[in-house]
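# I would like the atomic coordinates for the input below:
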Amino acid sequence: MGHIYNGMPATDLGTEGWHKPWSGPNGGSCVEAMRLSDGRVALRQSTDPDGPALIYDPAEIETFILGTKRGEADFLLA
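Below is the predicted model of the structure:
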């Protein structure tokens, strides 16, 4: 695998290892996540698996998940 960067085509990360931890009732359209070998996390849209991957370092993912658990993203639901 070559240089991994934010916005790269998700297909460049391969097809194995993607998970759907956030699947909803909308027919399977969801965010997919992959843990990279260096500890970073890639996210992609399941309806566009060839589209861009967003790459986050472990601290960014931890901040996001813990903040969401605390309700800091609840404004997105209203």
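# Let me know the secondary structure of the residue nearest to the spatial centre of the chain.
Central residue of the chain (Cα atoms, centre = their mean): residue 43, 1.9 Å from the mean position. For residue 43, the secondary-structure state derived from DSSP: H, G, I helix; E, B strand; the rest coil is strand.
# residue contacts, residue 6?
Contacts for residue 6 were tallied using Cβ atoms under 8 Å, 6 or more residues apart in numbering; they are 53-55. Every C-beta, even on glycine, is put in place using the N, C-alpha and C of the backbone.
# Compare the residues you listed and tell me which is most surrounded.
Highest neighbour count within the contacts of residue 6, by other Cβ atoms under 10 Å: residue 53, with 24 neighbours.
# Out of the contacts of residue 6, which comes closest to residue 76?
Checking the contacts of residue 6 against residue 76 by Cβ to Cβ gives residue 54 as the nearest, at 16.3 Å.
# which one is the closest one nearest to, not counting chain neighbours?
Nearest residue to residue 54, sequence neighbours excluded (Cβ to Cβ, 6 or more residues apart in numbering): residue 43, at 4.7 Å.
# and if you look at residue 8?
residue 53 (5.7 Å).
# ok, now which ones touch that neighbour?
With Cβ under 8 Å, 6+ apart, residue 53 has these contacts: 6-10, 12-13, 42-44.
# Please state the offset of stretch 61-78 from the chain centre?
15 Å (Cα atoms, centre = their mean, to the nearest Å).
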